[in-house]
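Sequence and predicted model, in that order:
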Amino acid sequence: MTPSKSAERYTMLHRLLHWLIALLVAGLLASGMIMEDLEWNAAEGALKNSLYFNHKSVGALLIGLMVLRLLSRLFSRAPAPEPDMPVLFKLAGGAGHLALYVLLIATPLLGWSATAAGDFPLPVFGLFELPKFLAKDADLSETLFEAHELAANLLLLVVIAHIGAAFFHLFIRRDGVFRRMWF
Ligand code: HEM
Ligand code: HEM
């Protein structure tokens, strides 16, 4: 299969955002799962506290980067599909990318709302606090945290399928799809 020409790549800004966001999401999934398992005691409390602080700060940064990414996607055309790509692959790719976008927006917004409804701190790297746009409501906060966990678990599943698909294109089908997002 003939690899794509460089003109058929995503823009440099879009590729940078893709890899930066991929890195942040890996950190958020890992920190979320670890901090949930730690106890508020003398041995684990300090680490748990620091993971909460960083999880919320990086989650807030992700919201800002996703706004930039959506703008970059709206204002710069995605590269045209490979000419010989089967329709089924195009549909699966489109559905997978849409699911990623929806979850990349829903997951941090749910985390933010759950934290706001619980009246917990919302630090952004100690620089400022995200606004609390919900009145204190412990039941609502609990429900939103459950939704945050569900969205994060779905995101993990779609990311695994996405990475599998990217490596399928790179190593098995050996087409130009990986290069569209690479440097
Ligand atoms: C894409 C972004 C995010 C991902 C992938 C993510 C992922 C996760 C995961 C996997 C957990 C553990 C869930 C569990 O096992 O119960 C978690 C918990 C949590 N997340 Fe996020 N998160 C994101 C963004 C945010 C944001 C923006 C905030 C708040 C500003 C936030 C606040 C929290 C809090 C406070 C918990 C602990 C929940 C509890 O104590 O029950 N997260 N997150
Ligand atoms: C090893 C990890 C990863 C690899 C190899 C990879 C590879 C790729 C490739 C090759 C594309 C372009 C597909 C095409 O042109 O049709 C792409 C697109 C995309 N990737 Fe990834 N990816 C990885 C991780 C992630 C992660 C962790 C996320 C999000 C959490 C993500 C979100 C997306 C999204 C939303 C698109 C669609 C881009 C757009 O159309 O704007 N990727 N990825």
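Structure received. Ligands and ions are numbered 1, 2, ... in the order given.

what ranges do the strands span in the chain?
Shown for the chain, the strands assigned by DSSP state E span residues 123-124, 128-129.

Can you give me the neighbour number for L98?
Other residues within reach of L98, judged by other Cβ atoms under 10 Å, total 10. C-beta: built from backbone N, CA, C; applies to glycine.

Using PDB, write down the CA coordinates of stretch 93-105.
Output of stretch 93-105 as PDB, limited to C-alpha atoms (Å, rounded to 0.1, in the frame of the first residue of the first chain):
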ATOM      1  CA  GLY A  93     -12.800   5.100  12.200                       C
ATOM      2  CA  GLY A  94     -15.400   7.900  12.100                       C
ATOM      3  CA  ALA A  95     -17.500   6.400  14.800                       C
ATOM      4  CA  GLY A  96     -14.400   5.700  17.000                       C
ATOM      5  CA  HIS A  97     -13.100   9.200  16.700                       C
ATOM      6  CA  LEU A  98     -16.500  10.700  17.400                       C
ATOM      7  CA  ALA A  99     -16.800   8.500  20.500                       C
ATOM      8  CA  LEU A 100     -13.300   9.700  21.600                       C
ATOM      9  CA  TYR A 101     -14.300  13.400  21.200                       C
ATOM     10  CA  VAL A 102     -17.600  13.000  23.100                       C
ATOM     11  CA  LEU A 103     -15.800  11.200  26.000                       C
ATOM     12  CA  LEU A 104     -12.900  13.600  26.000                       C
ATOM     13  CA  ILE A 105     -15.400  16.400  26.600                       C
END
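
which intervals of the chain have sub-threshold pLDDT?
Counting by pLDDT under 70, the chain contains low-confidence residues at 1-7.

Point me to the residue sitting farthest from the middle of it.
Distance from the C-alpha centroid of the chain peaks at A42, with 32.1 Å (Cα atoms, centre = their mean).

thinking again about what came up before, deepest in the core, which of the strands of the chain is it.
Of all those, strand 123-124 carries the top mean neighbour count, a mean of 16, counting by mean count of other Cβ atoms under 10 Å.

Which other helices and strands does that one contact?
Secondary-structure packing of strand 123-124 (3 or more Cβ pairs under 8 Å, 6 or more residues apart in numbering; DSSP states H and E): helix 45-75.

Determine how far the helix it packs on lies from the middle of the whole chain.
Here helix 45-75 is found 9 Å from its chain centre; the criterion is Cα atoms, centre = their mean, to the nearest Å.

Tell me the buried residues in it?
48, 51-63, 65-66, 69, 72-73 (16 or more other Cβ atoms under 10 Å).

show me which of those neighbour ligand 2.
Near ligand 2, taking Cβ under 6 Å from any ligand atom as the test, the members of the buried residues of helix 45-75 found are R73.

Spell out which residues of the chain are next to ligand 2.
Residues of the chain found near ligand 2 (Cβ under 6 Å from any ligand atom) are 18, 21-22, 25, 73, 78, 93, 97, 100-101, 104, 159, 162-163, 166, 177-178, 180-181.
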